[in-house]
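In: next come a sequence and a model predicted from it.
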Amino acid sequence: MSKEILHKELVIIGSGPAGLTAAIYAARADLKPLVIHGPQPGGQLTITTEVENYPGFAKGIQGPELMQEFEEQARRFGTEFLVASITKADLGKRPFTIESEDHVIKAETLIIASGASAKWLGIPGEAPAPEGLGGLGVSACATCDGFFFKGKPIVVVGGGDTAMEEATFLTRYASKVTVVHRRGSLRASKIMQEKAQKNEKIEFIWNTDVKEILGTPETGVTGVRLFNNQTNVESTFACEGVFIAIGHKPNTDAFKDWLEMDDVGYLKTAGRSMSTNIPGVFACGDAQDSLYRQAVTAAGTGCMAAIDAERFLDNLPVEMPTGEEITMEGERVMPNHDIVIMPDGEVMPNKGDEGGAPASGD
Ligand SMILES: Cc1cc2nc3c(=O)[nH]c(=O)nc-3n(C[C@H](O)[C@H](O)[C@H](O)COP(=O)(O)OP(=O)(O)OC[C@H]3O[C@@H](n4cnc5c(N)ncnc54)[C@H](O)[C@@H]3O)c2cc1C
């Protein structure tokens, strides 16, 4: 069967907080964006319960409900949606081409808001409720959920920087944090190891795999089943929360031949814009953020990406990771704003009518 072909001015890949915020801004700018839902419509917040730190909801809000509000707001201004996942991209020339199983989509500008997925152990009890205890004591985000564990004993699983950071952060709330690591030493950087090891509230269990998270929907998490891989001894360990901290994987594989990424796969964007290395392709949210990974920061960068895309489609210069600014027609403004290089290579002074160089922000 041949694929349906669509051609759009702006396509947004992903319908989490970043993609839907970009859609709200772009739709209100009359760009008629197309949002591609991907494998998790609404993004990561759809698998959580209470969100207490998204501004504007003084009493908190359930994650799925919050994302429903985002989507309705985006629809209200004319955003279109497509249920599909992008598997292939050709970003070699505009319009860019992206493909799903059933569609070929041409886009004049592209915003990648495909998020990142926490890595999980794949053990019983870990899945989101009601299948498992996810949201009922199992989490992959200390910043998001640490607050719910005041005075409780917690287990953190992992041995890298993520685990040390989460464990250290969780000592603000927990009565005790026990780091369970499958090896005999940590992979985390020296400074992170030292901070965690000096912290009196953190203890370590070495050479041990977590095999199962114990508890029921009524009790929440009550413990973990452990297996010492040196002695082959199994045991149970009581705790009231389990944080899986073995890293995240950005959903950016489809773009790896085109876009600059770090070793893990986080997209690289310019400092003062959400531009990637390809003019007209922007990235926002967790797909380009290994540090903050919050709904509000994802939404903030989604807003930035949409404004960048609007500027680009208006043929205004947008800052690139190299520091130069580029327009849709290929004019390049050098970082010091003194000269413009035209698409045919001609070099022109970048002087306004009154002789001053129009710096951005003027
Ligand atoms: C359990 C849990 C609880 C959390 N709690 C909080 C909290 O309380 N407060 C907070 O601020 N943050 C919380 N977070 C973090 C927050 O959810 C993320 O920071 C935020 O969702 C990132 O938004 P995003 O739009 O960048 O990506 P995501 O929300 O990850 O959305 C990515 C979108 O891209 C789509 N996609 C992926 N691959 C493709 C593809 N190939 N083609 C098309 N589409 C694709 C997905 O389907 C999805 O729609 C939590 C995260 C988790 C996992």
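Out: In hand now; what should we look at?
In: for the helix or strand Ala26 falls within, packing partners?
Out: Per DSSP states H and E, Ala26 falls inside helix 17-28. Packing partners of helix 17-28 (3 or more CB pairs under 8 Å, 6 or more residues apart in numbering; DSSP states H and E): strand 4-13, strand 34-36, helix 63-76, strand 103-112, helix 295-313. (Each C-beta comes from the backbone N, C-alpha and C, glycine too.)
In: how about a cut-off of 7 Å?
Out: strand 4-13, strand 34-36, helix 63-76, helix 295-313 (3 or more CB pairs under 7 Å, 6 or more residues apart in numbering; DSSP states H and E).
In: residue numbers of the stretch 101-250 of the chain in contact with the ligand?
Out: Neighbours of the ligand within the stretch 101-250 of the chain, by CB under 6 Å from any ligand atom: Ala113, Ser114, Gly115, Ala118, Ser139, Ala140, Cys141, Cys144.
In: which one of the residues you listed sits closest to the ligand?
Out: The shortest approach to the ligand among these belongs to Gly115, at 2.2 Å (CB to the nearest ligand atom).
In: wait, that closest one touches Gly16, no?
Out: Yes: using CB atoms under 7 Å, Gly115 is in contact with Gly16, at 5.0 Å.
In: overlap of the contact sets of the two?
Out: By the contact definition CB atoms under 7 Å, 6 or more residues apart in numbering, Gly115 and Gly16 are jointly contacted by Gly43, Gln44, Gly285.
In: give me the lowest-pLDDT entry from the residues you listed.
Out: Here the lowest pLDDT out of the shared contacts of Gly115 and Gly16 sits on Gln44, with 92.
In: and the residue of the stretch 151-300 of the chain that's closest to the ligand?
Out: Scanning the stretch 151-300 of the chain for proximity to the ligand using CB to the nearest ligand atom identifies Gly285 as nearest, at 2.2 Å.
In: and Gly115 and Gly16? Which one has more around it.
Out: Neighbours per residue (other CB atoms under 10 Å) separate Gly115 from Gly16, with Gly16 holding more: 30 against 27.
In: without its sequence neighbours, what residue ends up closest to the more buried one?
Out: Gly43 (2.3 Å; CB to CB, 6 or more residues apart in numbering).
In: ok, now which ones touch that neighbour?
Out: Gly14, Ser15, Gly16, Pro17, Met67, Gly115.
In: what's the distance between it and Gly265?
Out: Gly43 sits 17 Å away from Gly265, going by CB to CB, to the nearest Å.
In: cool, and Ile111?
Out: 18 Å.
In: have a look at the two and say which one is more surrounded.
Out: Neighbours of Ile111 and Gly265, each counted by other CB under 10 Å, are more numerous for Ile111; the result is 31 against 18.
In: pretty sure that one sits against Cys303.
Out: No: the pair Ile111 / Cys303 is not scored as a contact, 10.9 Å apart, by CB under 7 Å.
In: strands of the stretch 101-250 of the chain, start to end?
Out: Secondary structure of the stretch 101-250 of the chain (DSSP state E, counting those that start in this stretch): strands located at 103-112, 116-118, 138-139, 153-157, 176-180, 202-205, 208-216, 220-228, 234-238, 241-244, 248-250.
In: got phi/psi on the closest residue to Trp258 other than its chain neighbours?
Out: Leaving aside its sequence neighbours, Trp258 sits nearest to Leu91 (CB to CB, 6+ apart; 4.1 Å). Dihedral pair for Leu91: phi -110, psi 20, per degrees, to the nearest 10.
In: quick one: contacts of stretch 164-180?
Out: 142-143, 146-147, 149-157, 163, 188, 192-193, 195-196, 199, 201-205, 208, 210, 226, 239, 243, 245.
In: could you rerun that using 6 Å?
Out: 142, 146, 149-157, 188, 192, 195-196, 199, 201-205, 208, 210, 243, 245 (CB atoms under 6 Å, 6 or more residues apart in numbering).
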